[in-house]
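S.K.: here is a sequence together with a model predicted from it:
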Amino acid sequence: MGAELTEKTSLNDLSTIWKNCLGRIKKNVTQMTYNTWFLPIRPLQLEDNTLKVELPSQFFWEWIDEHYNSLINKTISEVIGPDAKLSYIIDSNSDEDSEPPSNYNETNEIIVKEKLKVKHSFESYLNPRYTFQNFITGEGNQLARAAAGAISDNPGGTSFNPFFVYGGVGLGKTHLIQAIGNEIVNKFPDRKVIYLSTDIFTVEFVESIQSNRVNEFSNFYRGMDVLIIDDIQFLIGKEKTQDLFFHIFNTLHQSRKQIILSSDKPPKNLKGLDERLISRFQWGLTADIQPPELETRIAILRKKAEVYGMSVSGEILEYIASNITSNIRELEGCLIKILANASLSSKEITFELVKKTVNEIATDRKKNNINIDSITKVVCDHFNIAENKIRDKTRKKEIVQARQLAMYLSKEMTNASLKTIGLHFGGRDHSTVIHACTSIENSKENDKSVREMIEDLKNQIELNTA
Ligand code: ADP
Ligand code: MG
């Protein structure tokens with residue numbers, strides 16, 4: 001609960017209080033709503049629990065009052081206190097008839113107004129962490145990086161429109177496309193740049209249908225100078241969203257606004273996506289990001305270590321980079337884990353610690369790739385039974401044994417819970433899984449052939465998922 005405020009609050013405090021309010025509001029509304037209706041609100045003064053704000057127009061006030069009255073009241077009472085009230089004035093520079101509303105009577109006190117006025121209010125939803133400065137270039141991302149630079153010098157003005165970046169997980173797609181956005185915002189502060197994931201785009205679209213505001217939704221995105229949409233492969237199977245996106249794409253492209261997209265595959269492999277979109281995605285530049293080679297991996301690690309303020313020897317960096325090869329997120333994760341382990345035990349970063357951490361990461365990765373289905377398959381193959389049989393209620397000895405083994409291996413080799421394992425094997429409950437595990441443990445202890453069989457099965461499962 002906020003402090004009761006009786007005196008006039010300083011400008012600084014006011015801005016903190018309002019930021020706090022905005023933070024809460026942001027969690028409750030869509031990006032579009034937040035940008036359209038809340039960001040333009042200017043806090044002016046807080047006196048006797050009354051927060052005075054400035055709004056761009058009368059229409060604006062009516063809209064907010066009608067749709068977000070309870071959200072605003074709830075928010076200010078949480079932040080300022082239970083007696084908080086809101087009063088407002090209309091921006092005197094507004095184009096509309098700026099007759100002040102009836103509850104406004106203190107014109108002369110509004111001295112802070114000019115100071116607070118910011119020319120451009122717009123939230124891009126970009127993460128400032130993703131910049132070109134901390135993006136390491138190597139063979140695998142050279143073309144994408146070069147195009148990204150050209151686009152941020154001249155958004156919408158190059159032939160790289162749309163700019164379509166694709167590549168596997170954790171290779172830097174999100175980082176790169178957000179870095180373009182951040183750079184553009186820096187260079188051209190009055191351009192409207194927005195970043196969002198395809199999932200958020202879809203959710204907002206569905207909400208706009210429910211609240212009868214599809215036009216507003218569509219106009220908002222058609223009004224962007226730079227539209228950045230991440231993981232566009234998630235449009236597959238969402239026909240209505242694809243259709244709307246198609247129209248937004250056309251409007252933006254025709255007016256030479258920059259479109260930036262990322263995906264896990266190149267456009268032509270996006271099976272199930274509208275052909276019209278696939279062809280448009282290829283109008284500009286398609287660039288892939290390949291996994292980084294050893295040199296680049298070392299350079300990335302060195303940069304990250306520097307950012308975290310860790311001192312790690314070149315040998316250690318090389319060891320990590322040689323053992324973690326598939327993706328950059330994992331490299332970064334490894335470094336963080338080492339840092340955490342070292343600070344937990346207030347130990348230095350030794351080679352032992354690094355080896356241990358790299359091994360843990362490799363084991364985690366294996367666990368993530370191995371799943372109950374792949375285990376079931378290997379076990380069923382071994383006993384030569386059909387996979388659906390293992391879920392049956394039968395008490396046939398052979399099937400019971402296979403099922404118990406599969407349950408035991410699922411517990412050993414995956415992170416699945418007892419409940420999940422039980423569900424996979426014909427909806428059995430977790431005590432059945434525990435029973436299966438103990439009974440296999442017992443026969444393992446007493447029977448060498450069981451031990452050997454389990455080793456064989458494990459090897460086979462790992463081989464299948466390597
Ligand atoms: P993707 O979107 O392709 O799955 P991300 O952009 O989320 O991958 O990258 C994963 C992590 O690796 C992020 O923390 C990102 O900052 C980092 N990263 C990726 N590529 C680079 C690079 N070339 N230089 C520095 N850091 C990178
Ligand atoms: Mg990503």
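M.R.: Arrived safely, thanks for sending. Numbers count the residues shown, from 1 in each chain. Ligands and ions are numbered 1, 2, ... in the order given.

S.K.: what distance do you get for His253 to Val206?
M.R.: Between His253 and Val206 the distance, using Cβ to Cβ, to the nearest Å, works out to 24 Å. Heads up, the C-betas are built off the backbone N, CA and C, glycines and all.

S.K.: scratch that, Asn12 is what I was asking about
M.R.: Summarising the geometry, the distance separating Asn12 from Val206, computed by Cβ to Cβ, is 40 Å.

S.K.: got phi/psi on whichever residue of the stretch 51-200 of the chain sits closest to ligand 2?
M.R.: Using Cβ to the ion, the point where the stretch 51-200 of the chain gets nearest to ligand 2 is Thr174, with a distance of 3.3 Å. When quoted as degrees, to the nearest 10, the phi and psi of Thr174 stand at phi -60, psi -40.

S.K.: can you get me a residue count around it?
M.R.: Residue neighbour count, defined by other Cβ atoms under 10 Å, stands at 19 for Thr174.

S.K.: likewise Ser159?
M.R.: When neighbours are counted by other Cβ under 10 Å, Ser159 registers 9.

S.K.: how about Leu46?
M.R.: Leu46: 22 surrounding residues under other Cβ under 10 Å.

S.K.: just to revisit the earlier point, who's more crowded, Asn12 and Val206?
M.R.: Each of Asn12 and Val206 has its neighbours counted (other Cβ under 10 Å); Val206 has more, 14 against 8.

S.K.: for Thr30, what are its contacts?
M.R.: The contact partners of Thr30, by Cβ atoms under 8 Å, 6 or more residues apart in numbering, come to Val203, Glu204, Glu207.

S.K.: tell me how far it lies from ligand 2.
M.R.: Separation of Thr30 from ligand 2 (Cβ to the ion, to the nearest Å): 21 Å.

S.K.: mind pulling up the pLDDT for that residue?
M.R.: Looking at Thr30, its pLDDT is 85.

S.K.: is the residue nearest the centre of the chain bridged to anything, and to what?
M.R.: Central residue check for the chain by Cα atoms, centre = their mean: the C-alpha nearest the mean position is that of Ser197, 7.2 Å away. Beta bridges link Ser197 to Asp230, judged by DSSP bridges.

S.K.: pretty sure Met32 is touching Arg222, no?
M.R.: No - checked against Cβ atoms under 8 Å, the pair Met32 and Arg222 is beyond contact range at 11.7 Å.

S.K.: who's more crowded, the two?
M.R.: Taking Met32 and Arg222 together and counting by other Cβ under 10 Å, Met32 has the greater number of neighbours (22 against 16).

S.K.: name the element the more buried one belongs to?
M.R.: Secondary-structure element containing Met32, defined by DSSP states H and E: helix 31-33.

S.K.: could you pull out the strands in this structure for me?
M.R.: 42-47, 50-55, 85-90, 163-167, 193-197, 226-230, 258-263, 285-289 (DSSP state E).

S.K.: now for Thr325, how many residues are close by?
M.R.: Here the count is done by other Cβ under 10 Å, and Thr325 has 13 residues near it.

S.K.: my guess is it meets Pro291, correct?
M.R.: Yes - assessed by Cβ under 8 Å, Thr325 is found in contact with Pro291 at 7.1 Å.

S.K.: near ligand 1, which residues of the stretch 201-350 of the chain show up?
M.R.: Taking Cβ under 6 Å from any ligand atom, the part of the stretch 201-350 of the chain that reaches ligand 1 is made up of Ile300, Ile328, Arg329, Glu332.

S.K.: for stretch 80-93, list every residue counted as buried.
M.R.: Judged by neighbour count (16 or more other Cβ atoms under 10 Å), stretch 80-93 contains these buried residues: Ile80, Ala84, Leu86, Ser87, Tyr88, Ile89, Ile90, Asp91.

S.K.: and the third one, bridged to which residues?
M.R.: Per DSSP bridges, the residues bridged to Leu86 are Leu51.

S.K.: for it, give its distance to ligand 1.
M.R.: When Cβ to the nearest ligand atom, to the nearest Å is the yardstick, Leu86 and ligand 1 sit 40 Å from each other.

S.K.: need the contact list for that residue.
M.R.: The neighbourhood of Leu86, defined by Cβ under 8 Å, 6+ apart, consists of Thr50, Leu51, Lys52, Val53, Ile72, Asn73, Ile76.

S.K.: now the buried members of these.
M.R.: Buried by 16+ other Cβ under 10 Å: Leu51, Lys52, Val53, Ile72, Ile76, out of those.

S.K.: wait, the second one sits on Tyr88?
M.R.: If I follow you right, that is Lys52. Yes - with contact defined as Cβ under 8 Å, Lys52 reaches Tyr88; the gap is 6.9 Å.

S.K.: how about low-confidence regions in the stretch 201-350 of the chain?
M.R.: 345-347 (pLDDT under 70).

S.K.: count residues in the vicinity of the closest residue to ligand 1 within the chain, would you?
M.R.: Nearest residue of the chain to ligand 1, counting by Cβ to the nearest ligand atom: Gly172, 2.5 Å away. By the other Cβ under 10 Å criterion, the neighbourhood of Gly172 contains 25 residues.

S.K.: now do Thr33
M.R.: Burial of Thr33 is recorded as 23 neighbouring residues (other Cβ under 10 Å).

S.K.: and the buried ones among the contacts of Leu86, which two are furthest apart?
M.R.: Across these, the two members that end up farthest from each other (Cβ to Cβ) are Lys52 and Ile72, 13.3 Å apart.

S.K.: for Leu418, find the nearest of the strands of the chain.
M.R.: Among these, if distance is taken as Cβ to Cβ, the winner is strand 193-197, at 33.6 Å.
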